[in-house]
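1. Sequence and predicted structure, then a few things I'm wondering about:
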Amino acid sequence: MFYVKNTIDFMRPRWIFMTMSAILVIISAVAIGVRGLNFGIDFTGGTVIEVHYDKPVPLSKIRATLHKAGYADAQVSNIGTAEDVMIRVAPRGQKNLSKIGDHIVQLLSTNSNIKITLRKVDFVGPTVGKELSQDGALALLYTVIAILIYVTMRFEWRFALGAVIALVHDILITVGVFAITHLEFNMTVLAALLALLGYSLNDTIVVFDRVRENFRKMRKGTPAEIINAAVTQTLSRTIITSFTVVLVLLAMFFFGGPVIHNFSLAMLIGVTFGTYSSVYVASALALTLGVSKADLMPAKKTEIDDRP
């Protein structure tokens, strides 16, 4: 018999954690439906202005000038060099589109001793923003469907269903935080959600691989004991990996600047719940659905009698 020392009974309180997860998902879904998301310019449309400074200028100074002038939603970032700056401003009425670039350049020139040159002004219409939001939603949907097919082929439908529900759980809670806090939801956040799908699935697959291995080694163990052993065996790997990722994300969150602030926040939320859901959503659901040793054992080959 295969023994695992100091096995932690993760599955014993699974109903408590599954109930807590269900409550969080419901709260997130209600928040998304009632409050909605604070979509950024990428999705709502707006004006994109590129300007060139003769000398490098702190982005914080530009943001302060724009915010003081009433452009509180303006996004400011460098493009290529410290002298080239891109400014994104939300729609302010159709009549202002042709003058908003000149107005911002004049505003920045008045509040700076550095010469400023207007390079380009582009207008992102609401139709383009709507298409981006639809394409982003479809990208998430197609990714989840592909993951469902992949896990079903590699493991078993109970594991596939648990993995997909865990992914939906992580995404919904992350988006729900943005709905509750009304933080800006832009393309960088969408990119974070797509990255989270891969991260969360990888963590879940590591546990599932060990579960399948233990089902073949622990001949007399119950499904709960086998899953507990698998999670315990992969616990150190999970903690080290997640801790390392969180350290990087914290550095990005505090020192990366406003451009990637929401990206790093979405990743922090997703990584935290992704680590948790691989145990108390994916594995717990597979156990609840009745996964057994017979479901994961390789099929026996049928011998064909060639004798006449």
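-> Happy to help now that I have it. Not measured: the values here are computed from a predicted model. Numbering: from 1, shown residues only.
2. okay, and for the protein, where does confidence drop off?
-> Applying pLDDT under 70 to the chain flags the ranges 1-5, 91-98, 125-129, 293-308.
3. what about the helices in it?
-> 14-34, 41-44, 59-68, 100-110, 126-154, 157-181, 187-217, 223-255, 261-277, 284-288, 293-296 (DSSP state H).
4. List the contacts of the closest residue to Gly270 other than its chain neighbours.
-> Sequence neighbours aside, Leu196 is the residue nearest to Gly270 in space, at 3.6 Å (criterion: CB to CB, 6 or more residues apart in numbering). In short, each C-beta sits where N, CA and C put it, glycine included. If a contact means CB atoms under 8 Å, 6 or more residues apart in numbering, then Leu196 has Asp170, Ile171, Thr174, Ala266, Met267, Gly270, Val271, Gly274 as its contacts.
5. number of nearby residues for the third one?
-> Translated: Thr174. 24 (other CB atoms under 10 Å).
6. Could you do the fourth one as well?
-> One way to gauge burial is a neighbour count; for Ala266, by other CB under 10 Å, it gives 26.
7. Ok, the one 5 residues further on next?
-> A count of neighbours around Val271, defined by other CB under 10 Å, yields 25.
8. Gln106 now?
-> 13.
9. Ala251 too?
-> Counted with other CB under 10 Å, residues neighbouring Ala251 total 11.
10. How much space separates it from Phe178?
-> 21 Å (CB to CB, to the nearest Å).
11. roughly how far apart are Gln233 and Glu156?
-> 20 Å.
12. gap between the residue nearest to Tyr199 when sequence neighbours are not counted and Ala166?
-> Nearest non-adjacent residue to Tyr199, counting by CB to CB, 6+ apart: Gly274, 5.8 Å away. Remark: distance between Gly274 and Ala166 (CB to CB) = 8 Å.
13. got it, and Asp84?
-> Going from Asp84 to Ala166 by CB to CB gives 42 Å.
14. Those two: which is more packed in?
-> Neighbours were counted for Asp84 and for Ala166 using other CB under 10 Å; Ala166 has more, 28 against 16.
15. who are the neighbours in contact with that one?
-> So Ala166 contacts Ser200, Thr204, Gly274, Ser277, Ser278, Val281, Ala282, Leu285 (CB under 8 Å, 6+ apart).
16. nearest to Lys55, of the residues you listed?
-> Of all those, Gly274 has the smallest distance to Lys55: 43.7 Å, by CB to CB.
17. For the closest one, give me its contacts.
-> Ala166, Asp170, Leu196, Tyr199, Ser200, Asp203.
18. Apply 7 Å and report the result again.
-> Asp170, Leu196, Tyr199, Ser200, Asp203 (CB atoms under 7 Å, 6 or more residues apart in numbering).
19. among these, who's most crowded?
-> Result: Asp170 is most packed of the contacts of Gly274 (other CB under 10 Å), 29 neighbours.
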